[in-house]
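1. What follows is a protein structure lacking sequence information:
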């Protein structure tokens, strides 16, 4: 079911990133993954720059380069696992290109460290791969497919943190969900048995697909084209879906939110 964006009463959360930045912060790379924790918004950029924003105060709390992570940072999801002494739960970051790893990251206001690397490689996943976390149920999903061909969500149990290196195989797959509606993956979020999948990289092709995981059926498509920008990161907090949008001007990056209870 296609839903016009106007029915969702979208609200701007951040109308221009540069308005939240101090003059000392220089942006590097395009906007990619986004994750929310309480009042904080974590924005990741291609190459590994991490910005931590306070959405209540409309300002930047921290900016730094992720340690040992110069990847595309296509997606980011907070878990429910909080390391001792850390202000944030562990953050699961998709490297997307290269080895397509999921980089489980300990985050602070001053820096980061990788505590686990997760890999999954098969013939069905030869192109840029995304990882998305279902933190409420402790499942991890690999999201990818063949270029120009079908895409899939592959469901796994969340690996224990006792191993710093995890290589998942087909025998670890709990469920395979074909995703036939997405042309260009732009992040992902799993919540309440649903997959929220932004899609598109050119005007006229910006969508948010909502997939019922148990049946594999697309239950709703939200038309993002009226915003006119490429969707990137996505997260859900309370009754709101948050989506970040890339712009040609890095300082113009935006975040909107949409009511979740319309789904």
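-> That came through fine. It should be emphasised that the depicted structure is a prediction, and the values quoted were computed from it without experimental measurement.
2. low pLDDT regions in this protein?
-> 1-8, 147-148, 261-263 (pLDDT under 70).
3. Could I get the contacting residues of the residue most central in space within it?
-> With distances taken as C-alpha atoms, centre = their mean, the residue of the chain nearest its centroid is residue 75 (3.1 Å). Residue 75 makes contact with 32, 33, 93, 94, 96, 130, 131, 132, 187, 188, 233 under the criterion C-beta atoms under 8 Å, 6 or more residues apart in numbering. Where you see a C-beta, it was placed from the backbone N, CA and C, and this is true even at glycine.
4. what's the spacing between it and residue 13?
-> According to C-beta to C-beta, to the nearest Å, residue 75 and residue 13 sit 19 Å apart.
5. What ranges does the stretch 1-150 of the chain have for its strands?
-> 2-3, 11-14, 31-37, 40-45, 49-54, 59-65, 75-78, 91-94, 102-107, 112-120, 130-134, 139-145 (DSSP state E, counting those that start in this stretch).
6. With distance to residue 256 added, can I get those in JSON lines?
-> Shown next, in JSON lines, are those (distance: least, C-beta to C-beta, whole Å):
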{"stretch": "strand 2-3", "distance to residue 256": "15"}
{"stretch": "strand 11-14", "distance to residue 256": "6"}
{"stretch": "strand 31-37", "distance to residue 256": "11"}
{"stretch": "strand 40-45", "distance to residue 256": "13"}
{"stretch": "strand 49-54", "distance to residue 256": "15"}
{"stretch": "strand 59-65", "distance to residue 256": "19"}
{"stretch": "strand 75-78", "distance to residue 256": "18"}
{"stretch": "strand 91-94", "distance to residue 256": "22"}
{"stretch": "strand 102-107", "distance to residue 256": "24"}
{"stretch": "strand 112-120", "distance to residue 256": "27"}
{"stretch": "strand 130-134", "distance to residue 256": "20"}
{"stretch": "strand 139-145", "distance to residue 256": "22"}
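7. For residue 172, state which of the contacts of residue 75 is nearest.
-> residue 131 (13.8 Å; C-beta to C-beta).
8. Next, find the distance separating the closest residue to that closest one other than its chain neighbours from residue 28.
-> With sequence-adjacent residues excluded and distances taken as C-beta to C-beta, 6 or more residues apart in numbering, residue 131 is closest to residue 102, at 4.0 Å. Going from residue 102 to residue 28 by C-beta to C-beta gives 22 Å.
9. The two - which one has more neighbours?
-> Using other C-beta atoms under 10 Å, the more surrounded residue of residue 102 and residue 28 is residue 102, with 26 against 13.
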